[in-house]
Structures are given as structure tokens and as C-alpha cells.
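output the structure for:
(chains A and B)
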Amino acid sequence: DSGVTQTPKHLITATGQRVTLRCSPRSGDLSVYWYQQSLDQGLQFLIQYYNGEERAKGNILERFSAQQFPDLHSELNLSSLELGDSALYFCASSLERTNWDLYNEQFFGPGTRLTVL
Amino acid sequence: QKEVEQDPGPLSVPEGAIVSLNCTYSNSAFQYFMWYRQYSRKGPELLMYTYSSGNKEDGRFTAQVDKSSKYISLFIRDSQPSDSATYLCAMTRGGYSGGGADGLTFGKGTHLIIQP
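Below is the predicted model:
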């Protein structure tokens, strides 16, 4: 158990709908990352938040948005859903270290499996 | 061409064999190189990470990075059936706090099967 929690575990919805995925980081972690994993694209970075502020953006579609709240939990909002959005969505969290040669290990949650019908 | 290339396998080897997994990449700005293991229907978990070129050993696992060739490897000695999983290489440029200030770029993963 990584200490990162994600809800819901599974989500089934229809095309055109909007859903919200929720993530609670490990205690003490300030950074939250969202990733999408599909069979054809693999695991792709979507967006990162640090202490409430957006820090980095990856291949996130304009239909998708995220935010991080004062209690550090994060939500990923997916709207105007398409069949191709069906995937596993992972949240990860990390500490921020001051030593330049240390990697901020990202701890992954169990994921939310989204199925768009 | 994808930034990170990884053979998806499956790679099937007998128990006790030495396993070699590898990735190639194209972005010379990558400085941190990771190997994650992912069991079916679970989130990835970090096995090892290496900063820049060099080797790193942790028990039965050895990670190697050759930045001049843009090639990274993971070796598993004395492989066990419990090592059966998908192995994902990942990398990042690092950032102003030393790493992880931008997201990870992953290979597609190699599905490894260790036969008892």
C-alpha cells in the first residue's frame, strides 16, 4: 500500500458525460501528479500540482482539468467524454527534497478504471 | 518516434535465470532514470532509480544507464515467479528541487513471465 488513495475504483459512464476522479496524497506529500494509462499509449503524464499550484503540464487534453485543494487532495475532471478516454487514471504523490541529486520518488495510487460506453 | 522505446514482450524465462530488460530514449535532457514494476490491476511501484550515467545495485536488481548511447537496462538475478509483472522504464529531466518537478516519461512496459 503506497499511502495514496483514489476514488472511485471503477467508473462507467456514457460519451458526452463529465466525471470527477479524486486523489488523496500520502501524508506530508505536497506534489500530486495525474497519469493516464491506456493499451495503445502506455502511461502518460497529464499534469502536476504542488501545494495548490499547477507546476507542470503534459499531454492533457483541453477537455480535462485538475485542481489541488488546501487540504492537498486533488481532483481530475474529465468532460465531453469520448470512447478513447477509457483508460486507467493514476494519481501519484511525492515529497519535495532540497538535495539536487535526489529523485522525488512518486508513489502511485491504485488507479481509477474509467470505461466510456 | 516515441521519446522512450521499450519492447513490450512478453518475455518468458525459467526460474533462476538472469533477466535483462532495456529501454532506449531520444531526449538527451533526461537525467533521472527509473524502473517501476506493475502487477496486474495495480499502480506502478518504484524499484530503483539512477541519476545520470552509471550502475546501481539493490539486492537481485542492477540498473545501468549509458547516457552516451541513450540506453538503460535492468538486470534481475536469480529470477523468481513473484518477479512476474510488467516492468516500466521511466525518466525525467528533473527540476528545481532535484527531480520530479515535471512528470515522468514512461516506456510502454515489458511483460515478464518467470516460469516455475
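
in what helix or strand does the closest residue to B:Phe106 other than its chain neighbours lie?
Leaving aside its sequence neighbours, B:Phe106 sits nearest to A:Leu43 (Cβ to Cβ, 6 or more residues apart in numbering or on different chains; 4.2 Å). (C-beta placed from N, C-alpha, C; glycine too.) Here A:Leu43 sits within strand A:42-50, counting by DSSP states H and E.

going along the chain from that strand, find the next helix or strand for me.
Assigned by DSSP H and E, the successor of strand A:42-50 is strand A:53-57.

what angle do that following strand and strand A:42-50 make?
Counting by axes from the mean of the first three to the mean of the last three Cα atoms, to 10 degrees, strand A:53-57 lies at 150 degrees to strand A:42-50.

strand A:53-57 close to chain B?
Yes - using Cβ under 8 Å from any Cβ of the partner chain, strand A:53-57 reaches chain B at A:Arg55, A:Ala56.

now the strand holding A:Leu43 - C-alpha only, CSV.
Taking C-alpha atoms only, strand A:42-50 is exported to CSV below (Å, rounded to 0.1, in the frame of the first residue of the first chain):
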residue,chain,number,x,y,z
GLY,A,42,1.0,3.4,-22.3
LEU,A,43,1.4,5.5,-19.1
GLN,A,44,1.3,9.2,-19.9
PHE,A,45,1.8,12.2,-17.7
LEU,A,46,-1.1,14.6,-17.6
ILE,A,47,-0.5,17.3,-15.0
GLN,A,48,1.3,18.1,-11.7
TYR,A,49,0.2,20.3,-8.8
TYR,A,50,2.4,21.4,-6.0
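
so what pairs up with the residue nearest to B:Phe106 in the strands?
A:Gln37 (DSSP bridges).

my guess is it meets B:Cys89, correct?
No - using Cβ atoms under 8 Å, A:Leu43 makes no contact with B:Cys89, being 10.6 Å away.

mind listing the shared neighbours of these two?
B:Phe106 (Cβ atoms under 8 Å, 6 or more residues apart in numbering or on different chains).

what residues does the strand holding A:Leu43 touch?
A:30-38, A:54-60, A:64, A:66-68, A:74, A:76, A:90, A:96, B:44, B:88, B:90, B:101-109.

ok so, going back, what count of nearby residues applies to the residue nearest to B:Phe106?
25 (other Cβ atoms under 10 Å in any protein chain shown).

what is the residue nearest to B:Ser20 when sequence neighbours are not counted paired to in the beta sheet?
In space, and not counting its chain neighbours, B:Ser20 is closest to B:Phe75: 5.6 Å by Cβ to Cβ, 6+ apart. Beta-bridge pairing of B:Phe75 under DSSP bridges involves B:Ser20, B:Thr62.
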